Structure formats: structure tokens, C-alpha cells
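**Q** give me coordinates for this.
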Amino acid sequence: MKQRFSALDITAIGAELREEIIGCRLNNIHDLNPRSFLLKFGKQDKKYSLVIESGFRVHLTKFQRENAQLSGFVSKLRKHIKSRRLTNVSQLDTDRVLVFTFGGGENDQDPSWTYYLVCEFFAAGNVLLLDGSHKILSLLRVVTFDKNQVYAVGQHYNLDQSRLTHNMGNQQKMPQMTFEKLTQLLEDVAGKSKAEKMAASQKPNGKQPKPITLRKALTVRLGEYGNALVEHCIRQSNLDPLLPADQLSADEDKKRELLSAFQAADGILSSMVKPPVKGYIFSTQQNILADPSTSNNEEKKDMLMYEDFHPFKPLQLVQANRVCSEFHSYNECVDEFFSSIETQKMEKRAHDRVMTAERRIHSAKDDQEQKIKNLQEVQQLSSLKAEAIETNSELVEAIASYINNLLNQGMDWLDIEKLIQVQKRRSPVVACIALPLKLKNNAVNIMLPNPIVSSEPADDDYDLSDEDESETDSFKKPKQEASNVVVEIDLSLGAYANARRQYEKRREAIVKETKTLEAASKALKNTQKRIDQDLKRSTNAEHQRILPTRKAFFFEKFHWFFSSEGYLVLGGRDAQQNELLFTKYCNKGDIFVCADLPKSSIVIVKNRNANDPLPPNTMQQAGSLALASSKAWDSKTVISAWWVHIDQVSKTGYAGDVLPAGSFAIRGSKNYLPPNVLTMGYGILWLLDEQSTERHCQKRIESELQNTEQKISELKIDEVEAKSSQPREVLVPDRPELKDTLIEGASKSSKSQSVFDHDVHIVSEKRGKKGSKPITAKKPPAKERREARKQRKQTALEESSKKPVSIEDASDPQAILAILKQKKKKKSNEIPSPPEPKVEKEELETQKEESESKTVDADKGPENKSQEIKEATPNEEDMSALKPQRSERKVKETKIEREDMTQDLYEEMLYARDALTPSPDTEDVIINAVPTFAPYSTMAKFNLKVKVTPGSGKVGKSARESIAHFTKTLGKPSSNEVKILENLKDGEIVAPFSVNRLRVVFGSSTNSKKSKK
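**A** This next block holds a predicted model:
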């Protein structure tokens, strides 16, 4: 299995990295293990994760990995190159060295601010951090080549800038194979082989060296091609890689074929520097357990085990019938290979653990079975011996009497054995005695006829008690049905007493068997349970180590949910998000929902068609989200939210000033929704794959068509129902002509009522409580307002003093108005008075300031007035000073304009509606889970949901308890859904909540504890 990058791999990866991450800033660096690191780059809305494993690999990854404890080396890297811009990715000629350049200073070219991250992928590998003068600031491991060359902190690293590819205009030079070069190479190999043979022949009893194979000779001398490409060229020229290299030096035809193969390989090398580079993974099929978390699962599945990866198709792997998978990008290919290899290794280890556990369990079972089998044999043998003694009681008494008589005579034990040996042929009683005797234990072995064999012709030769008969019937015949049975008898006991001893042994064996069975069953159950728990824990731990990264939808940065009718509802988390939501993510036909309470979120209901009215349920659910994010949630207040069309919302106040972030001007009347109980819900939406999403999209379209046809048929049947089916026309009032008027809150002054024709309300994030003074946009000081009025007058004078232009050429509304008024007035030598812009009086305080300024002007003489008129006349200096002010004013005006949501985001919204489902079908493929926080009325179809009401519980704890409840509800711990839920991070499960304190209510059927605070 390939585990290390070759020079060809580094060339392909370096070309793609230059295309992707050059110009990005290094956001952070993390440890994965002692020799692997994760570098996170970012550029605008794009983020990249780069994995570097010292000596093995470097590539972009789309998988999440758990970070290890921070090391000193990574701390040093963070200190010097974190937040710096990556300016170049270079390879050191064709060596296995990749250099990342982080620039700084003017044009990112200042050597004092430049740093180099050198990654070596040969031998044991190394990662070094260099400054602009190539001095080593930090390194992964200290390397000592000799006394004069040591890689350590403070030493100089020999980094030749001229050898760095794509650096300062240097282009990467790829090798070119020629006939002369190939001939010289083969001649060198032949000469070296001949010299080795001669040296071996001169030695006494010297062994002839093995010939140098063609593959080894070319691989050593053509390192820039790599092992796989060299063997590919050899096989493509129909040569054996194990062919001795010296045999090819004299064959011109084979050299020509080999040259053509290497020239084709030169084309492969030249394509490596032109991204994107295609990648190929070669794998084999193996059968492994489908569910390695349980040891009693016998289901197996076919799985592709990755073995090799290359930026081309090696002929040797194609000939070996390996399964080939093609990728459009080599980064994607390598990431899939190594990430899947890690996963496959984990699954392989889990499979091996299951096999080991099964062997342990089977071994324990076999031991217990062997013990029980031995006890049963003891029972059978004891019963058989007892029956034999009872059947031949007279013979047993005779043998015991014979031995006892000899012992009573004082004979030596050896003499007794010799006598028995002699008397065996003469006496049938003595013939039944088995030698040697056990006189030390006062016992002797005798051979008695087998009662089972002897009783087969006639079963009624002997009688047993009912108890003994039932016990003997419970056993089968012994395996060895010999004609004689060896029985040990006690010489101090009679025949029936010896039989009683055998029955006692049998009863003891029965008791032992019963206890052994009980203990064995308990022990096996405990062992099985402990092994299953260990397997589950280890499997879950390994599943959490590497996970595919889920690309978040654009709306997940806001408060969001899909209504029961499928409309997307968005809410801002703070004033900045409210501003962003209004300026970037609104379209014509959307609805603006809010509440007259502090901290109420600005809620936008996305309408799929600008001309269609929104359903009342969706409006009510959007109002619930606005109330849940306000003070009504904490105070448990039941109040009504309101809505307006998005065209009624503006960022411009009555005086033309721009409202602060999070504040909006509402022109026209508000439409209040019915009061709603504050009941929210927390549930899980399942993210489906592409095929399942397309299937759900087709089902949704079919159901919408059926509903539309049904409604049309109902409308045709009854015209009265058709009129009553459009209650939305009553809810949408006629919008009058929008005017620049403003009323601060509910309190209106008599002065403002005479000026304004229609209501204009300020909607701010810091809305006052009921009965308190309304909060409006912050007004500038009186001095700044006076200067602003003078500036507007001066600007109008400036525009009027310009050369006359046509109305078609004029772009400024004030200039057009000045031209029209100039045409009406007669020409005179006096400076024409410019039209005063409509500046409404803001407060009584402003009126006082104006009256004071007028009295001051009245006190001035005519000379002062003429002087003021001259000062108001624009000159070149004033014009140059006013130009940047006008440009700033234009920029300010462009900032408050609302932009429609882009088509890409709109398509992503429609895709998410089908890709996220609360109740997947059996044929759907689930790839991830997305928690959501929404009104409880939208969760009628959710399989996993809990009710959320105002309370005192913490969000993080309640979210974790909810996920644990969902996991318990799913039941099967090894299912894909449970693994996905267990892999969710705390940030993902807490982010959807728009409240700070809550109470979670679980279902009573699945959890006896109904609520958690």
C-alpha cells in the first residue's frame, strides 16, 4: 500500500496548491498528531484546510479532524506566520521538498518580513520554519548529517532561490529523455555490474553478486520519474522489470522501445504542472462485517480497500485488475485516499477486535462445554461401575477376601503381585485383578464384565430402583463399549459399599454440572455484554476522529426555519445581522416582521413569487420567531407582532439622514398579527444526498400540482368559496404614496402632525418598553445641524452657478430643479437664489436655534450681508473642497440602498427546501443532520423534536439533553442516524437557539421525566 508522496505527486499537488491557496491568509494552525498538522487558510468567503504529515503527504482536505494538544512547534508557527499571506508554493527542482512562502512588507517582498515553511518528504521527513535570511527559527526534529552540517534552531538552511520553481519568474523544468541519455545510463549500469562481478571473482570463495534488475537501475537513476512511472514505461515497452539491466545495453531495438515509452512519460510529467491534475485510486474488494459494533453480527458487506494512488494510470496496476476510481482533482484524490484509508483502518481494526472477541467467547464456551462433558462422562462411568459391582458382587467379595488373606499372612506387596501374576492363568478370580496393586491406598483395580454389553440380550437380568433407573436412562452409552470395566474397590468395604461410593461420585458430578451450567451462563452473558460495550465505545471513538465537512447553508448564520408551507424565514441575531439581512438578502415581495419590544429580531419571510400572497400560518410563525427573540420570552408576555411589505422599509429618515445599524424607517401602516403563545420547538432536519433530494423535489412538485388542481376544481364548483378563499386581500391594505415623514414611536407632537401626511415609524433594536419614551435615531448636535444646512445651501449655490446644462444631461435632482427655476426667473446680475431643499424642522429645539440665527443675521448690516453673499459664491478652492464631500455623500447614499438576493443564494434556498427533510423515507440516504429552532407548529412532520417554552434552563445543557433524547428515541445504537447525531459538535447543536433561558419538554411516551429545566 502506498503511503508516501513521490516527486511526481509533489509536482502535481504543488501545481494545484498554487492555483487554490496563493493569496490566502493563514488563519490558524492545529496539531493532529506528533507529525501531522492542519493549516487553515481563508480568502473572502472561501476557506481551505491543508494537511501536512511530515515525510508522507501534503494536500487540501474536506474532512474534519479532531485537534490534538497544542505543541511547542505549532506555537512557534503561530507566533511567526499566523495571519500572514501565502505568496508562493514552490518545489525544490524535482526533489521531494515543498516550500511555502509567507510574504510581508511592501508588495509582500520585504525579506525581513518573509518566512519560509519547508516540508521535506524524503527519509523520515521534516518541517522547518525559516526567516528571510534562511535561518532556522523552529523545526520538527533535529537532524545531524555530520559535524559540519546540522539542522537545528539558529543554523543556516541551504535554500537556493534559483532552484525553487515558480519563484521570481523561475519556471519548473521537467526532465526530457533522449537516446544518448538512456544509452549512457544503461552503459553505466553494465559497467558497474561487470566491476562487481570481477571484484567477486578475485575473492576466494566469493559469491557472484545478484544482477541489477532493470527496474532498480532506472528507479535509482531517474528519481524525478518515480517508481511507478519507471515501471509503467518498462511494461509499456514489453520488457520484464526483473530483467538484468546489463542485457539491455547491447539491444538497440529494445532501447528504442524503452525510449518511446519514456518520451510518452515526459508528456505525463509536463501535464503535472497544468492544474487541475486528474487522480486515480486503485483498490481491491474485501468482505468485512456490516456492523462491527456488535460481536454477534454475522452480516458482511463488500468494501473497496484502497491500495494505491497516482496522477496517471500505471500499466502494472491495470494489468493486476485493480478497481480504478477517477477524480477531477489530485487534491481530491489524495484527500479521499488518505482520509478513507484512515477510516478503513479504523473499520479493519474494529473488525479485528470483533474477531478477537468472538474467539475469546468461543474459547470460553468450549472450556465450559468441555467441563460439562467431563462431568457427564464421570456420571456415566460412575453409574456403569456401580452397576458392574452390583452385578458381580460375589466376584468382588471373593477378590477382596483373597487379597486380604494374603495381607493377613504378612506377605510382601511385591510377592503378592508376583503371586497374582502366576495365579492369573489358574484361577478366574485372580485373573480379574489388574496390576499394579494400589495397596498403599488399600485399594485394588479389578476388571468386571460390562453390564451394558452383557445385558443387551436380556434386559431383565438385574433390577434397579426407580430413581436409579431414571438416572441411568438420562445418559447415553459410553463411547467405548468394552467387554470389561476397570473398577477400583476399597478392600476394607464390601461390594455394595463400593457400589455406594460410585453412586456418591455420580451425585457429586451431577451437582457440579448444575452449578457449572449456571455459572457458565452468567459468565458468558457478562463477558458478552462487556465485550459489546468495549466494541461500541471504541467504534464510536474512532468514528468521531475523522468526519466529512458539511458546507453550511448561507442562512445558517441567521436565525432560520422553514415554515409549515415551506417558506424560508430568516431573523437577525444582532443589529449588524439585521442590517445585513435587509440590505443583502431581501427581494421584492418579501415580508418584514417585527415586534414593538426590546431585542426583537428583524424577521424576513422569503417569498418564492413576488406576486403571490403569503399564507397566514407562515406569517404567524414568523411573528413567533420575532417574539421569541424579544423581551416577551423572558417576561412570558403574550403580545402581537406586526408585518409590512419590504417596500415600506427604508434606512433613510425624514431629514435624509441615514439611520444607525439595526434601525429602520417604516412608512405606512402596520399589520398586526393575532397574539400567539410562546411555544417553540427544537428538532433535527436530515440532510440527504443528491439522488434523494431529486426524488423529494419530484414528489413535492407532484403534490403541489395535485393541490392546485384540487383548488381549481373547488373554485369552479362554488363561486362563493372562491371569494372566501382569498382572505389575504383584506389583510393587505392599500398603500398610499410614500412620503418622507417620520413619527417617533406612538407619541406625536402637534407640530409634526401638521407637517406629516402619513405615519413613518422608526424600528430600532433598542425599542422602549410599553409606556416609555420611544427611541429614535440619534440626532447630531445643533452646531453640526447648522453646518449641514449651510453646506446644503452652499452646494445648491454651487450647482446653480455652473454653466447652464440641459435637463437631459443633469444627474443631480437639485441641479434639475435649479435649471427649471432659472428658466422661470428673469436674468439679473444678482446671484440667483438656489432652491432650498426640503428640510423639515426636527424638534422645538431646532426651531429655537434657527430663530436665534435669524436674529443674528438681522443685526448685521448690508455690508456684512453682501460679504456673506460673496463668500457663498463658489470659487475653485471651494469646489475642490466640496468634491470629496459630494463623493462621500454619494457613497453614503449607495450604502443604504437595498440589494436583491443573488440568484445563486436563491437557488441554494430552493435546494435546501428539498435537501433538508424532517422525516426521511426508507430509501433516502442520510449524510448529515442539521438542528433547527422553530415555532412548534412547524414541527408536525418532525420525527425528532422537543417542545421549548420559557424557563430557567441553560441552552447548552438543554441542547445536549435533547440530542441524547433523540439518540435514545432512535433505539439502534449502530444506526447511521445515531452516529451522525453523536458526531454533532456543541457549536452546531447550540447555534440555532434564539433564546438564552428555556425549558425543554420531552415526550412522556419515551421519557418518564417529562421536563428538564
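**Q** ok now stretch 370-380, how far from the chain's centre?
**A** Relative to the chain's own centre, stretch 370-380 is displaced by 57 Å; criterion: C-alpha atoms, centre = their mean, to the nearest Å.
**Q** actually stretch 184-202, sorry about that
**A** 57 Å.
**Q** quick one: contacts of it?
**A** 206-209, 211-212, 217-218, 221-222, 244-246, 248-249, 255 (C-beta atoms under 8 Å, 6 or more residues apart in numbering). C-beta coordinates here come from the backbone N, C-alpha and C atoms, glycine included.
**Q** between these, which sits nearest Gly494?
**A** Lys207 (82.9 Å; C-beta to C-beta).
**Q** so the closest one lies in a strand, does it not?
**A** No. Using DSSP: H, G, I helix; E, B strand; the rest coil, the assignment for Lys207 is coil, not a strand.
**Q** so which of the contacts of stretch 184-202 comes closest to Leu50?
**A** Closest to Leu50, out of all of those and judged by C-beta to C-beta, is Leu222, at 29.5 Å.
**Q** the closest one against Val230, yeah?
**A** Yes. Between Leu222 and Val230 there is a contact under C-beta atoms under 8 Å: 5.9 Å.
**Q** those two: who's more crowded?
**A** The neighbour count for Leu222 versus Val230, taken as other C-beta atoms under 10 Å, is higher for Val230 (24 against 20).
**Q** three-state assignment of the more buried one?
**A** helix.
**Q** circling back: can you tell me which of the contacts of stretch 184-202 are in helices?
**A** Within those, residues falling in helices by DSSP state H are 217-218, 221, 255.
**Q** secondary structure class for Phe282?
**A** When classified by three-state DSSP, Phe282 comes out as strand.
**Q** contacting residues around it?
**A** 306-310, 317, 322-325.
**Q** how much space between it and Pro311?
**A** 12 Å (C-beta to C-beta, to the nearest Å).
**Q** likewise Glu556?
**A** From Glu556 to Pro311 the distance is 36 Å (C-beta to C-beta).
**Q** burial measure for the residue nearest to Trp642 when sequence neighbours are not counted, as a count.
**A** The spatial neighbour of Trp642 that comes closest, neighbours along the chain excluded (C-beta to C-beta, 6 or more residues apart in numbering), is Lys670 at 4.1 Å. Using other C-beta under 10 Å, Lys670 has 19 neighbouring residues.
**Q** for the stretch 901-1013 of the chain, just list every one of the helices.
**A** Assigned by DSSP state H, counting those that start in this stretch, the stretch 901-1013 of the chain shows helices spanning 903-915, 955-970, 976-982, 986-990.
**Q** average model confidence for the third one?
**A** By that I understand helix 976-982. Average pLDDT, helix 976-982: 84.
**Q** list the buried residues in that helix.
**A** 977-981 (16 or more other C-beta atoms under 10 Å).
**Q** chain center to that helix: distance?
**A** 12 Å.
**Q** other SSEs contacting that helix?
**A** The helices and strands touching helix 976-982, judged by 3 or more C-beta pairs under 8 Å, 6 or more residues apart in numbering; DSSP states H and E, are helix 495-543, strand 926-935, helix 955-970.
**Q** which parts of the one helix or strand Val429 maps to are buried?
**A** Using DSSP states H and E, Val429 sits within helix 428-431. Buried residues in helix 428-431, counting neighbours by 16+ other C-beta under 10 Å, are found at Val430.
**Q** same question, stretch 637-657
**A** Buried-residue list, stretch 637-657, by 16+ other C-beta under 10 Å: 639, 641-655, 657.
**Q** again, but for stretch 17-34
**A** 17-18, 20-22, 24, 26, 29-32.
**Q** what's the answer for stretch 115-122, then?
**A** Applying 16+ other C-beta under 10 Å to stretch 115-122 flags 115-121 as buried.
**Q** now those residues as CSV including distance to His696?
**A** Formatted as CSV, the buried residues of stretch 115-122 follow (distance: C-beta to C-beta, whole Å):
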residue, distance to His696
Tyr115, 50
Tyr116, 51
Leu117, 46
Val118, 50
Cys119, 45
Glu120, 50
Phe121, 45
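**Q** nearest to Leu375, of the residues you listed?
**A** Leu375 lies nearest to Phe121 out of these, by C-beta to C-beta, at 64.3 Å.
**Q** hmm, back to that, ok, the buried residues of helix 976-982 vs Val273, which is closest?
**A** Among these, and counting by C-beta to C-beta, the member closest to Val273 is Ile980, at 40.4 Å.
**Q** list the contacts of Val429.
**A** Val429 neighbours (C-beta under 8 Å, 6+ apart): 395, 398-399, 402.
**Q** for this structure, name the helix or strand with the lowest mean pLDDT.
**A** helix 750-755 (a mean of 32; mean pLDDT, DSSP states H and E).
**Q** returning to what we had before: just the buried residues from the ones in helices among the contacts of stretch 184-202, in ChimeraX please.
**A** A single ChimeraX command selects the buried members of the ones in helices among the contacts of stretch 184-202 (16+ other C-beta under 10 Å):
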select :217,218,255
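**Q** biggest separation within the ones in helices among the contacts of stretch 184-202, which pair?
**A** Once C-beta to C-beta is applied, the ones in helices among the contacts of stretch 184-202 give Arg221 and Lys255 as the farthest pair, at 14.9 Å.
**Q** pick the one among the contacts of stretch 184-202 closest to Leu77.
**A** Leu222 (35.1 Å).
**Q** buried subset of the contacts of Phe282?
**A** Buried among the contacts of Phe282 by 16+ other C-beta under 10 Å: 306-310, 317, 322.
**Q** now those as TSV including secondary structure and pLDDT?
**A** Formatted as TSV, the buried ones among the contacts of Phe282 follow (DSSP: H, G, I helix; E, B strand; the rest coil; pLDDT from 0 to 100):
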residue	secondary structure	pLDDT
Tyr306	strand	86
Glu307	strand	88
Asp308	strand	91
Phe309	strand	93
His310	strand	93
Leu317	helix	90
Arg322	coil	89
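**Q** which one is Cys586 nearest to, not counting chain neighbours?
**A** Nearest one to Cys586, counting by C-beta to C-beta, 6+ apart, is Ile646 at 5.3 Å.
**Q** is it true that the one you found touches Tyr585?
**A** No. Look at Ile646 against Tyr585 with C-beta under 8 Å: they stay out of range, at 10.7 Å.
**Q** shared neighbours of these two, which are they?
**A** Ile604.
**Q** roughly how far is stretch 129-149 from the heart of the chain?
**A** 36 Å.
**Q** avg pLDDT for it?
**A** pLDDT averaged over stretch 129-149 gives 88.
**Q** please enumerate the strands of the stretch 251-400 of the chain.
**A** 279-289, 300-310, 323-327 (DSSP state E, counting those that start in this stretch).
**Q** burial of Asn707, as a residue count?
**A** 10.
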